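> okay, sequence plus prediction incoming.
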Amino acid sequence: MKVVVLAGPESAGKSRLAEALHRRFGGVRVDEYVRRYYAQLGRETTLADITPIAQGQLAEEDAARALHPRLLILDTHLLSNRLWSLVLFDQCPAWIEPALLARHYDLTLLLSPEGMPWVDDGQRCQPALADRAAFHAASRQWLAEHRQCFIELGGSWPEREAAAFEYVSKSLGA
């Protein structure tokens, strides 16, 4: 099983790319748990919500891993939970980073916010490109510091999609 994670700031194309990869290569796709959680919450997120959000994401990832697909596509993972917790609350539950490091991911595709328009979907909160660029930089720094296998994707949508298809195809040995 190859596990591919999509990482980066909001409005960088992660969900769209997860869908495109799933259509192209099949496998199992795990979407962002936080979107459903937040939609049902009925209030702003608090620090106390970070743990159930992260646990929900892990539960869905674990259920998908148990299926042993040839390809597992994760629209996000605990890095996003960690970084959003720091952005929003200046702290993060201590268990999240060790839990993230305990898992194996074959490839992380880190999407740049450059060249992608911000889309207000009622849940996003970083319309300023500078804020999304800072989130991207924090993602890159964490991935590099922890020696995670990652590739940065930028440019136009067709360029991102073509590069992602190429890297995933190579990862699968196709």
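Structure's in. What do you need? Because the structure is predicted, anything quoted here is derived from the model rather than measured. Residues are numbered from 1 along each chain as shown.
> and the closest residue to Phe150 other than its chain neighbours, which helix or strand is it part of?
Leaving aside its chain neighbours, Phe150 sits nearest to Thr108 (4.0 Å; criterion: Cβ to Cβ, 6 or more residues apart in numbering). C-betas here are computed from N, CA, C, even on glycine. Element membership of Thr108 [criterion: DSSP states H and E] is strand 107-111.
> sheet-wise, list the partners of that strand with their directions.
Strand pairing for strand 107-111, determined by DSSP bridges: strand 2-7 (parallel), strand 150-153 (parallel).
> check which helix or strand Gln126 maps to.
Per DSSP H and E, there is no helix or strand for Gln126.
> could you pull out the helices for this protein?
Secondary structure of the chain (DSSP state H): helices located at 14-25, 33-41, 47-65, 78-89, 96-101, 129-145, 157-172.
> can you redo the ones you listed as TSV with mean neighbour count, mean pLDDT and distance to Leu71?
As requested, those are exported to TSV (neighbours: other Cβ atoms under 10 Å; pLDDT from 0 to 100; distance: least, Cβ to Cβ, whole Å):
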stretch	mean neighbour count	mean pLDDT	distance to Leu71
helix 14-25	18	96	5
helix 33-41	15	84	20
helix 47-65	17	96	10
helix 78-89	20	94	20
helix 96-101	15	97	20
helix 129-145	16	94	20
helix 157-172	15	96	6
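> mind putting those helices into a markdown table with distance to Gly8?
Converted to a markdown table, the helices of the chain look like this (distance: least, Cβ to Cβ, whole Å):
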| stretch | distance to Gly8 |
| --- | --- |
| helix 14-25 | 6 |
| helix 33-41 | 15 |
| helix 47-65 | 16 |
| helix 78-89 | 9 |
| helix 96-101 | 16 |
| helix 129-145 | 5 |
| helix 157-172 | 11 |
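> so for Leu72, which of those helices sits nearest?
Across those, Leu72 has its closest neighbour in helix 47-65 (5.5 Å, Cβ to Cβ).
> check contacts around Leu111.
6-9, 12-14, 17, 136, 152-154, 160 (Cβ atoms under 8 Å, 6 or more residues apart in numbering).
> could you do Gly8 as well?
Going by Cβ under 8 Å, 6+ apart, Gly8 touches Lys14, Leu110, Leu111, Ser112, Pro113, Phe135, His136, Ser139.
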